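Trainee: here is my input, please return the structure:
(one chain, ligands or ions: 2)
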Amino acid sequence: MLSDAFDRRFSYLRLSVTEVCNFRCDYCLPEGTDCGPESRADDLTLPEIRRLVAGFASLGMRKIRLTGGEPSLRRDLTDIIALCKSTPGIDTVAVTTNGYRLPKDIDAWHRAGLDALNVSIDSLDHARFQMITGHDSLQTILRGLDRAAELGMARIKVNSVLMKHYNEDSLDDFLELVRHRPFTLRLIELMQTGDNDAFFQRHHLSGDAVIQRLNQEGWQERLRERSAGPAREFWHPDYVGGIGVIMPYSKDFCASCNRLRVSSHGELFLCLFADQHQSLRHCLQTDDPEPLRVFLQTAIQGKAYSHHLHQQNPGATRHLAMIGG
Ligand code: SAM
Ligand code: SF4
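Mentor: Ligands and ions are numbered 1, 2, ... in the order given. This next block holds a predicted model:
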């Protein structure tokens, strides 16, 4: 299994399949996608993805999340899901999406073997949703979520970034969403990136403030194992769904890191906020997995213990659409 110099083990790959997005979320891509059609032309091909996934799986990767940009903009996303699912060793295939294609695509993704779905929704108020994303599609996305539940998908999460003076008053609406439905609400603390400095300074809301509110309302924290990933999980006897809080600024956040990332152009990101990325595309040109295995086993030794967000240093990450969060 892949492990680094700090004895962290990596069983989870987040693979971006395109950096293009059709939304313009204020904290991520306020001006929309800044890359042209040539960027799509350079995306990893299906055979390259097949070799990549097989190579990672042979080193102990068990879970793959397909992300972006907006992954559903790739016409072959269903084929990518099926390919990941049929790779020996992979037990979980997940997608993170803005959800705008959900009603059209979720049946096919489900048939292809999708195990887990994360849908990003930052407000349940239509006007505010449109203000944040530049799209009037909340209704469609909620319809898609319901369809995913109808299909019996057991692992559905709603990702939401709560921001000061912005949508922090949305928490009550989100709690209602999980009162009767078995979804997990994933509250993500806003992270600083190269492009969102001014927005971050104005709107960053500490996860501690969110947890304080949850505690006041009777939510209780679950004990977690070290390998469980970075979210702090909460439950409440009156709610069917649960809550996870992602707090990248908290002490020891990186100690439980279990993930690696690859961009849609085949760059390995050892950390979401690394200074440098390494291309592994040259290892994906033949079916021999050995060059990729050697590359990964060497590269992982250079993984730093922690990000440098506390020093206001997001590394080379201009926005999370570059790599998928
Ligand atoms: N387009 C898809 C979506 O929105 O779900 C996948 C890519 S998006 C980059 C993945 C996740 O990152 C979303 O849940 C989004 O809200 C989150 N995200 C983007 N920028 C962020 C930031 N600066 N801080 C915290 N979360 C962010
Ligand atoms: Fe697009 Fe997702 Fe970024 Fe919003 S958060 S702009 S949907 S990549």
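
Trainee: enumerate the residues of this structure near ligand 2.
Mentor: 21, 23-25, 28-29, 68-70, 98, 120, 321 (Cβ under 6 Å from any ligand atom). The C-beta positions use only the backbone N, C-alpha and C, and glycine is treated the same way.

Trainee: burial count for the nearest residue to D107 once chain neighbours are set aside?
Mentor: Distance criterion Cβ to Cβ, 6 or more residues apart in numbering; nearest residue to D107, sequence neighbours excluded, is L151 at 6.9 Å. Counted by other Cβ atoms under 10 Å, the residues lying close to L151 total 15.

Trainee: how about the contacts made by L151?
Mentor: L151 sits next to 106-107, 110 when contact means Cβ atoms under 8 Å, 6 or more residues apart in numbering.

Trainee: one more time with 10 Å
Mentor: Taking Cβ atoms under 10 Å, 6 or more residues apart in numbering as the contact definition, L151 lies against 106-107, 109-111, 114, 117.

Trainee: any of those residues buried? List them.
Mentor: 106, 109-110, 114, 117 (16 or more other Cβ atoms under 10 Å).

Trainee: burial measure for H180, as a count.
Mentor: Counted with other Cβ under 10 Å, residues neighbouring H180 total 10.

Trainee: could you pull up phi and psi at F269?
Mentor: phi -110, psi 110 (degrees, to the nearest 10).

Trainee: do the same with N196
Mentor: Dihedral angles phi and psi of N196 (degrees, to the nearest 10) take the values phi -110, psi 30.

Trainee: the stretch 51-200 of the chain: helices as residue ranges?
Mentor: Taking DSSP state H, counting those that start in this stretch as the criterion, the stretch 51-200 of the chain contains helices spanning 77-85, 102-112, 126-133, 138-150, 171-179, 197-203.

Trainee: quick one on the thing from earlier: mind picking the one among the buried ones among the contacts of L151 that's closest to ligand 2?
Mentor: Within those, the smallest distance to ligand 2 is 14.3 Å, found for L117 (Cβ to the nearest ligand atom).

Trainee: ok, that closest one - contacts?
Mentor: The neighbours of L117, taking Cβ under 10 Å, 6+ apart as the test, are 94-97, 99, 102, 106, 109-110, 144-145, 148-149, 151, 153, 155-158, 183.

Trainee: kindly report the same for R8.
Mentor: Taking Cβ under 10 Å, 6+ apart, we find R8 in contact with 2, 226-227, 254-259, 300, 303, 305.
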